[in-house]
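> what's the 3D shape of this:
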Amino acid sequence: MSYLASFNLVNSLSQVCSDVKKFRSCIPNAHDQVYITDNHIVYHWAKTDTFLFRIWRYFHQFEITRKANDGDHTLKPAWTSVLLIDEIIDNDKKIYVDDTIILHCQIESYEKVLPYIFGPYTRLVLHGNITWNQVQRLIHPGVVQIRINARIHMQPAEYDDFVELATGHIRSNWHSFSFYNESYYDSALFTRLNTACRNLQNVVVKNDGYNSNTFHVMHERSSDNVMYNAGALFLGHCGFLMIMALVLKLISGNATAWYYNQPRPPESAFTIGCCSLLVLTFIPHYVLFWFGPHWIYPMDIISDRILENSTPEGWIAVAKRYVLNGIYWLVSLIKNWRELRNVNLDDYQLLIASAIIYIELYILLY
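From the prediction side, this is the model:
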């Protein structure tokens, strides 16, 4: 049955059908996006379901927002489940991964968990310490995006294999192969990689993304992906600005006066302030459209910083927290219809203005 239907469907069906349940022990655990680790500190961090991460994960399920956020260099994944390697071994069940797999392990743990992992996953992220042989066993022909933040333990004799796999992996402008860090490897590896890329058509190696120590082997036209997806989102934002401007005109009475050919009322401070904010948010979003994919760090990199005890909270994180608290307040106020019915016109205008400001701020900070 597991070959006739998807693993997720069989797992769900077994919850309500007793005939399927008795075969469930033979069915692998199915996951779309999974984070697997051997470290309990990383496990508890990855399990923490913050409001910001829920929003990140929500937008991650849409192809256009996922690809726009990835940029033209590498992948920036989200995950829906977290597993400990000890639990996988104790349960003695295969792990079927359909979309994204993130592994944060040491060499011994990679060797333990590799026999349990299979599936048509297309996005692969590795952390910790790993051998070159283990990397090769994790990369199947269907993998499209690869990022290796782990330290690869390989001999100089394996450099040619590394270069051949990294450059040969780039079969379209969606394929990418990223690895970290320059200090982990001998300069001879980078010399061979740069030479191979120069001899190949449409394959380049760059390190001008979110981190100069992360090197990206990619298609020279991969930036077209960002232009297509991020550009569509940017146009959507422009449409949102136009709709909000029309709403403000309706609230202020300008649109009504124009429709009935009446004298326009004087512009209120409320309308002027909101329209100014809408215009001001257009400029930062234009900047983020061009540079955002280069600035935004993948969320899974935080797991490395946690183990290094280097997780300072920047001003963007603080700003996000205040904006999200404001969104929580707006949502709770809108849900409370008794309060909403009793507000006067000025309070209603203030509510709309606050909603516009907070939505725009979150679009920028996201």
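
> state the distance from the residue lying closest to Pro28 once chain neighbours are set aside to Pro115.
The shortest distance from Pro28 to any non-neighbouring residue, by C-beta to C-beta, 6 or more residues apart in numbering, is to Lys94 (3.7 Å). All C-beta atoms are positioned from the backbone trio N, CA, C, and that covers glycine. Here the criterion is C-beta to C-beta, to the nearest Å. By it, Lys94 lies 9 Å from Pro115.

> which of these two has more neighbours?
Neighbours per residue (other C-beta atoms under 10 Å) separate Lys94 from Pro115, with Lys94 holding more: 18 against 10.

> for that one, give me its contacts.
If you count contacts by C-beta atoms under 8 Å, 6 or more residues apart in numbering, Lys94 has them with Pro28, Asn29, Tyr116, Ile117, Phe118.

> where is pLDDT lowest across those residues?
Least confident entry in the contacts of Lys94, by pLDDT: Pro28, with 79.

> thinking Lys47 is in contact with Leu83, fair?
No: the pair Lys47 / Leu83 is not scored as a contact, 10.0 Å apart, by C-beta atoms under 8 Å.

> so what's the residue count around His40?
Around His40 there are 10 other residues, counting by other C-beta under 10 Å.

> next, give phi and psi for Asn39.
phi -110, psi 120 (degrees, to the nearest 10).

> check Thr100 too.
Thr100 has phi and psi values of phi -130, psi 140 when expressed as degrees, to the nearest 10.

> show me what contacts it?
Neighbouring residues of Thr100 by C-beta under 8 Å, 6+ apart: Asp32, Gln33, Val34, Leu75, Pro77, Ala78, Trp79, Tyr121, Thr122, Arg123, Leu124, Val125.

> what about the residues you listed, which are in strands?
Among these, the members falling in strands are Asp32, Gln33, Val34, Arg123, Leu124, Val125 (criterion: DSSP state E).

> which PyMOL command selects the buried ones in those?
In PyMOL, the members of these classed as buried (16 or more other C-beta atoms under 10 Å) are selected with the following command:
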select buried, resi 32+33+34+123+124+125
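
> out of the ones in strands among the contacts of Thr100, who's nearest Ile64?
In terms of C-beta to C-beta, no member of those lies closer to Ile64 than Arg123, at 16.1 Å.

> do I have it right that that closest one meets Leu138?
No: under the criterion of C-beta under 8 Å, Arg123 lies out of contact with Leu138, with a separation of 11.7 Å.

> domains in the chain, by residue range?
With automatic domain parsing as the criterion, the domains of the chain are listed as 30-223, 225-365.

> strands of the chain, residue ranges please.
Secondary structure of the chain, counting by DSSP E: strands at 29-37, 81-84, 95-105, 117-118, 123-131, 145-148, 151-153, 176-180, 203-206, 214-219.

> for these, which one sits closest to Gln61?
Put simply, out of those the one that sits nearest Gln61 is strand 29-37, at 8.9 Å, with distance taken as C-beta to C-beta.

> show residues contacting that closest one.
Residues contacting strand 29-37 (C-beta under 8 Å, 6+ apart): 6-8, 11, 43, 46, 60, 77-85, 88, 91, 93-105, 113, 117, 119, 300, 303.

> between that strand and strand 95-105, how big is the angle?
Comparing the axes of strand 29-37 and strand 95-105 via axes from the mean of the first three to the mean of the last three C-alpha atoms, to 10 degrees yields an angle of 0 degrees.

> with just CA atoms, put strand 29-37 into CSV.
Only the C-alpha atoms of strand 29-37 are listed here, as CSV (Å, rounded to 0.1, in the frame of the first residue of the first chain):
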residue,chain,number,x,y,z
ASN,A,29,7.7,8.1,8.8
ALA,A,30,6.9,10.6,6.1
HIS,A,31,7.9,14.2,6.3
ASP,A,32,7.8,17.1,3.9
GLN,A,33,10.4,19.3,5.6
VAL,A,34,12.3,17.8,8.5
TYR,A,35,15.2,18.8,10.7
ILE,A,36,17.3,15.9,12.1
THR,A,37,20.0,16.4,14.8
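
> tell me the contacts of Asp99?
Contacts of Asp99 were listed using C-beta under 8 Å, 6+ apart, and they are Asp32, Gln33, Tyr121, Thr122, Arg123.

> should've said Asp304
His127, Asn149.

> next one: Leu84
The neighbours of Leu84, taking C-beta under 8 Å, 6+ apart as the test, are Ile36, Thr37, Asp38, His40, Tyr43.

> got it, and Asn213?
With C-beta under 8 Å, 6+ apart as the criterion, the residues that contact Asn213 are Tyr180, Asn181, Glu182, Ser183, Asn207.

> do that again at 6 Å, thanks
Asn213 makes contacts with Tyr180, Asn181, Glu182, as judged by C-beta atoms under 6 Å, 6 or more residues apart in numbering.

> the first one contacts Thr214, doesn't it?
This means Tyr180. Yes: with contacts defined as C-beta atoms under 6 Å, Tyr180 counts as touching Thr214 at a distance of 4.6 Å.
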